[in-house]
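Trainee: no sequence for this one, just the structure:
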Ligand code: ZN
Ligand code: ZN
């Protein structure tokens, strides 16, 4: 693990304005104590086991997601947090149904699954010629006769990256290609899964059909099956028989939140994860881990507050967003409902359960000294100093950042994340308990520092 050496190094990187801080040493010493206590704890593992085994997957808008909210509210209360709230919002709920695909004239049954919001085929399925494209750009450039009336397949390739950046680059294929296919007359759009494993587990995930575009079947192939299809395309004409039976209906979801009240009313530090998950696995890496990491971090701070009788200056609020997977529906509703609040900083854990190796901020210049303090306290966990003040944060803090909240982004090692992401393999056995606890330790220390600070952080 790389480590930064001194606070001075971090300070140079961040070009700090000169600013005196009252009792900075006490805050840092307490943050270090909280960090070490959380590192030795096992609260997150207990919560994650309980969430996985008693609730399981939590598809947005489903009864399962509602059971997840009931679980979260009960556990947050047990942890001693107060002001527990559930804030509902409407959404179009969606159910996966069945999917099957056969190459005409062959024995090949392809492993594939529908993308969230996919349309259905007619009840008896469809049979159509397939056009294969190496990339979204090639599909965009294709003439109409290669798209209209055909099943389109896009064979973009994700690579393994520690920071998950390949998902950012390739995500547009999943989000945009199905709607583009619908607008250009394709009868279905298939993509190579956004994933890095070679199990026959297709990776689901959300796609977007804008208003006025009727959903068509949109599905992802497991990597071995995507490569088989690409080889058959390269060898000549391919036709496919495809069946997909997802359904959509009006539904409801909600965000859950709970607080450790601050001593000065009005300023709020938000941390959390998203409670909904895809239905194929059990929503452990995505995002049960983020839910329990941030709950356990808040619990460690709450225990400290109870022991010492000293509240942090700012209110600490755990927010567990609903319906992230269908396009940040919960976090957008949350940002609208809380637009008048003074949320000074927000952070989300939503990149699995493996260790944090770096962090970034996006705060007002006056907040940069706080992040230099974090660098010092996080360094013993093997976490590199903040590299930029341009963090995007986890997906659900984006809508809060857009209305001015400062952002903290603790960057996790995503080397193996996309082996299980959105697949049936997203199960508890994949979690490394030591790395899970390192996440809790980092969030505990970082949030403690932010909540006991008074420097302005908001960007607007
Ligand atoms: Zn997620
Ligand atoms: Zn996800």
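Mentor: Thanks, I have the structure now. In this text, all values refer to a predicted model and were calculated from it rather than measured experimentally. Numbering: from 1, shown residues only. Ligands and ions are numbered 1, 2, ... in the order given.

Trainee: where does pLDDT dip in this structure?
Mentor: Along the chain, the model assigns pLDDT under 70 to residues 1-24, 386.

Trainee: residues of it that sit close to ligand 1?
Mentor: Where the chain comes near ligand 1, counting by CB under 5 Å from the ion, the residues are 286, 287, 350. (Each C-beta comes from the backbone N, C-alpha and C, glycine too.)

Trainee: separation between the first one and residue 279?
Mentor: To tie it back to what came earlier, the one meant is residue 286. 12 Å (CB to CB, to the nearest Å).

Trainee: helix or strand for residue 250, which one?
Mentor: strand 247-260 (DSSP states H and E).

Trainee: please apply the same query to residue 399.
Mentor: Here residue 399 is assigned to helix 398-402, by DSSP H and E.

Trainee: before we move on, what about residue 127?
Mentor: Assigned by DSSP H and E, residue 127 falls within strand 126-133.

Trainee: out of the residues of the chain next to ligand 1, which is most surrounded?
Mentor: Within those, most neighbours by other CB atoms under 10 Å means residue 287, with 32 neighbours.

Trainee: so in that sheet, which strands flank the strand holding residue 250, and in what orientation?
Mentor: strand 82-95 (antiparallel), strand 315-321 (antiparallel) (DSSP bridges).

Trainee: closest one to residue 156 among these?
Mentor: Ranking the strands paired with strand 247-260 by proximity to residue 156 (CB to CB) places strand 82-95 first, at 23.8 Å.

Trainee: coming back round to it: who touches the helix holding residue 399?
Mentor: With contact meaning CB atoms under 8 Å, 6 or more residues apart in numbering, helix 398-402 is reached by 270, 328, 331-332, 334-336, 338, 343, 346, 362, 392-393, 407, 459.

Trainee: ok, so of those, who is nearest residue 152?
Mentor: For those, the nearest to residue 152 is residue 328 (26.3 Å; CB to CB).

Trainee: what's around residue 265, how many residues?
Mentor: Neighbour tally, residue 265, other CB under 10 Å: 10.

Trainee: what of residue 253?
Mentor: Number of residues near residue 253 (other CB under 10 Å) recorded here: 28.

Trainee: doesn't residue 322 make contact with it?
Mentor: Yes - using CB atoms under 8 Å, residue 253 makes contact with residue 322 at a distance of 3.7 Å.

Trainee: what sits in contact with each of the two?
Mentor: Residues touching both residue 253 and residue 322 (CB under 8 Å, 6+ apart): 60, 65, 89, 276, 329, 330.

Trainee: so the fourth one sits in a helix?
Mentor: No - secondary structure of residue 276, determined by DSSP: H, G, I helix; E, B strand; the rest coil: coil, with no helix assignment.

Trainee: okay, and the closest residue in space to it that isn't next to it in sequence sits in which element?
Mentor: Once flanking residues are discounted, residue 276 sits nearest to residue 60: 4.1 Å by CB to CB, 6 or more residues apart in numbering. Per DSSP H and E: residue 60 is located in neither a helix nor a strand.

Trainee: next up, the contacts around residue 60.
Mentor: So residue 60 contacts 91, 93, 253, 276, 322, 323, 324, 325, 326, 329, 330 (CB under 8 Å, 6+ apart).

Trainee: try 10 Å this time
Mentor: Going by CB atoms under 10 Å, 6 or more residues apart in numbering, residue 60 touches 68, 91-94, 116, 206, 251-253, 274-279, 321-327, 329-330.

Trainee: next one: residue 160
Mentor: With CB under 10 Å, 6+ apart, residue 160 has these contacts: 166, 196, 197, 414, 415, 416, 417, 418, 419.

Trainee: can I assume residue 175 sits in a helix?
Mentor: Yes - counting by three-state DSSP, residue 175 is part of a helix.

Trainee: any idea how far it is from residue 205?
Mentor: Taken as CB to CB, the span from residue 175 to residue 205 is 8 Å.

Trainee: one more: residue 236?
Mentor: 31 Å.

Trainee: between these two, which has more neighbouring residues?
Mentor: Set side by side, residue 236 and residue 205 show more neighbours around residue 205, with 22 against 6, by other CB under 10 Å.

Trainee: pretty sure the more buried one contacts residue 279?
Mentor: No - counting by CB atoms under 10 Å, residue 205 stays clear of residue 279, with 12.0 Å between them.

Trainee: identify the contacts common to those two.
Mentor: Here residue 205 and residue 279 have 113, 116, 325, 422 as joint contacts, going by CB under 10 Å, 6+ apart.

Trainee: tell me where the stretch 301-450 of the chain has strands.
Mentor: 315-321, 342-348, 356-362, 406-412 (DSSP state E, counting those that start in this stretch).

Trainee: could these go into TSV alongside mean neighbour count?
Mentor: Listed next are the strands of the stretch 301-450 of the chain as TSV, based on neighbours: other CB atoms under 10 Å:
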stretch	mean neighbour count
strand 315-321	27
strand 342-348	26
strand 356-362	22
strand 406-412	26
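
Trainee: can you list those in a markdown table and add distance to residue 129?
Mentor: Listed next are those as a markdown table, based on distance: least, CB to CB, whole Å:
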| stretch | distance to residue 129 |
| --- | --- |
| strand 315-321 | 42 |
| strand 342-348 | 43 |
| strand 356-362 | 46 |
| strand 406-412 | 42 |
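
Trainee: just tell me which of those ends up closest to residue 153.
Mentor: Among the strands of the stretch 301-450 of the chain, the nearest to residue 153 by CB to CB is strand 406-412 (31.7 Å).

Trainee: which residues of the chain fall in helices?
Mentor: For the chain, the helices defined by DSSP state H cover 7-14, 24-39, 43-54, 63-78, 136-141, 165-183, 223-235, 289-308, 329-337, 368-378, 398-402, 417-420, 433-451.

Trainee: I'd like those helices laid out as a markdown table, including distance to residue 128.
Mentor: Shown next, in a markdown table, are the helices of the chain (distance: least, CB to CB, whole Å):
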| stretch | distance to residue 128 |
| --- | --- |
| helix 7-14 | 55 |
| helix 24-39 | 55 |
| helix 43-54 | 40 |
| helix 63-78 | 34 |
| helix 136-141 | 16 |
| helix 165-183 | 12 |
| helix 223-235 | 14 |
| helix 289-308 | 40 |
| helix 329-337 | 32 |
| helix 368-378 | 53 |
| helix 398-402 | 37 |
| helix 417-420 | 30 |
| helix 433-451 | 45 |
